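[1] Quick one, what's the 3D model for this:
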Amino acid sequence: MWFRLAAHLGATVGELQERMSSAEFTHWIAFFSMEPWGYDVEMWQMGMISATSANAAGPRKGGKAWRPDDFIPKKHEPSRGQSLAEQRAILQSMVKHG
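    As a prediction, this is how the structure comes out:
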């Protein structure tokens, strides 16, 4: 939690630990439990926006609605990348529909 708080407040962990009491740090932890911030929250927000936009454009194959977690990168999941053929197909699709 120290690193998350330091990033949020624009200070180093050492600076915060020197000037913040244990009681204040405990209050920050309680506040974070009520109103979290950071990577996980930001990814969920972007997933929600992406799912909403994708669903407005129409359902995916099979008629299932898009969900926010369909757009959130999985932690520790290595990226497969795209083959040259996949990249070419994407560009050709863009040219046809653009």
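
[2] Identify all contacting residues around the helix or strand residue 33 falls within.
    Secondary structure from DSSP states H and E places residue 33 in helix 22-34. Helix 22-34 is contacted from outside by 1, 4, 5, 20, using Cβ atoms under 8 Å, 6 or more residues apart in numbering. Using the backbone N, CA and C atoms, a C-beta is placed for each residue, glycine as well.

[3] Can you name the next helix or strand after that helix?
    Moving toward the C-terminus from helix 22-34, the next helix or strand (DSSP H and E) is helix 39-57.

[4] Buried residues in that next one, which are they?
    Using 16 or more other Cβ atoms under 10 Å as the test for burial, helix 39-57 gives 43, 47, 50, 51, 54.

[5] before we move on, what about stretch 66-85?
    The neighbour-count check on stretch 66-85 (16+ other Cβ under 10 Å) flags 66, 68, 71, 72 as buried.

[6] which residues touch it?
    Contacts for stretch 66-85 (Cβ under 8 Å, 6+ apart): 43, 44, 46, 47, 48, 50, 51, 54, 55, 59, 60, 90.
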